[in-house]
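[1] I would like the atomic coordinates for the input below:
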Amino acid sequence: AHGDFAPLAQSRAAILNAEDDQNEQRRRLSAGLRQFGATPDDLGDRLMRMGALGIATLMAKPRDGGFILTDAYHELSRLVIEHKIDALILDPMAELHEADENANGELRHFVAELRALAVEHKIAILLVHHTRKGAVSPGDMDAARGASALIGAVRAAWTLTAMSESEAESFNIPKDRRSYFARLDDAKANFGPFGAPRWYEKTVLQIANDEMVPALIPWKAPVPRAASVEDCAAMLAEIERGVDGEPYSPRVARQKRSIRALLQRHGFTASAHETISVLLDAGAEIANFRTAGRKIAQGLRHNGLPAAEWLDEAGGASRACAS
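    This next block holds a predicted model:
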């Protein structure tokens, strides 16, 4: 098992890697197996690695229009039959077709061919694809680069994203270590429930030829502690005092007036929104007030404190917590 991924039976898998040469594939496979105390020899004939000396196009787009399945596609299909493959991993999708990634019709055609391959040979296919440029939210199925037809056609999808700054801070991970962690989130699960994020740590392992190669190892994120009665009392007292003459803001942000600073002092950054809900249940309120600059803002109060120009008539106390 790898984390909570546990195979139901021993199966045969094949990897078509269109980016890395055979040596790099061997290094990564060896490092990945080290966490199980295993070597590539332990796999026997249950894993077939494939690469491309040139272009690994499975579906081509001739100049006269339309699409054709290439010799590489037919050879792949033959190998699936010959080696009795149960699961096929294709990495990355961008190297495997000549379709316009931003054209729904063309991308749908490519995915339909892969689906036909899966149905014909009764195999599972895992298609590795890049995300769009810019920030990507964990579990966002629209994070896939190109047309949306891809996500519409697959049965299940996941996102693999780097640990964010706020997550690193909440887990007490040093800034120079944040890049060593990644999370895998459900983005689509036909007729199935979404599970919790799966965390991984990039760990450098020594392989048989003494090279040091990184591999992703399941990592258990610290479980945020729940706020006790004593914790709530201490934080409510701070809410009554306010900060710099004004109420705390309920927004979890980097501003000095943000409730985030109070939560951080008490060790609740990892469960910020849950802890705010506990404070609201304990009597804290979110209401509008007028700042020293005469602007209207939201603030936290308890027992009517801190003293401020509260505008209950304008907005009233509210338990809606902004993030």
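
[2] Only C-alpha atoms from now on, for both contacts and neighbour counts.
    Noted.

[3] Tell me where the chain is predicted with low confidence.
    The chain contains residues with pLDDT under 70 at 54, 269-271, 313-323.

[4] now the strands: where do they sit in it?
    In the chain, the segments counted as strands under DSSP state E are 13-17, 47-50, 59-60, 68-69, 87-91, 124-127, 156-162, 181-189, 198-206, 212-219, 285-290, 296-301, 309-310.

[5] Just the residues contacting the fifth one, thanks.
    Okay, so that is strand 87-91. Here strand 87-91 makes contact (Cα atoms under 8 Å, 6 or more residues apart in numbering) with 11-19, 123-129.

[6] For PyMOL, write the selection for the buried entries among those.
    Remark: buried members of those, expressed as a PyMOL selection using 16 or more other Cα atoms under 10 Å:
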select buried, resi 12+13+14+15+16+17+18+19+123+124+125+129
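
[7] Among the contacts of strand 87-91, which pair sits farthest apart?
    Greatest spacing in the contacts of strand 87-91, by Cα to Cα: Ser11 and Glu19 (24.8 Å).

[8] What are the buried residues along stretch 110-122?
    Residues of stretch 110-122 classed as buried: 110-111, 114-115, 117-118 (neighbour count, 16+ other Cα under 10 Å).

[9] neighbouring contacts of it?
    The contact list for stretch 110-122 (Cα under 8 Å, 6+ apart) reads 59, 77, 80-81, 86, 97, 99, 124-125, 150, 153.

[10] that older thread, just send the strands of the chain back as CSV, with distance to Pro40 too.
    Formatted as CSV, these follow (distance: least, Cα to Cα, whole Å):
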stretch, distance to Pro40
strand 13-17, 13
strand 47-50, 9
strand 59-60, 31
strand 68-69, 32
strand 87-91, 17
strand 124-127, 21
strand 156-162, 25
strand 181-189, 25
strand 198-206, 14
strand 212-219, 15
strand 285-290, 59
strand 296-301, 58
strand 309-310, 68
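
[11] Mean neighbour count, those: which tops it?
    Compared across the strands of the chain, strand 296-301 shows the largest average neighbour count, a mean of 24 (mean count of other Cα atoms under 10 Å).

[12] quick one: that strand to strand 285-290, angle?
    Going by axes from the mean of the first three to the mean of the last three Cα atoms, to 10 degrees, strand 296-301 is angled at 140 degrees with respect to strand 285-290.
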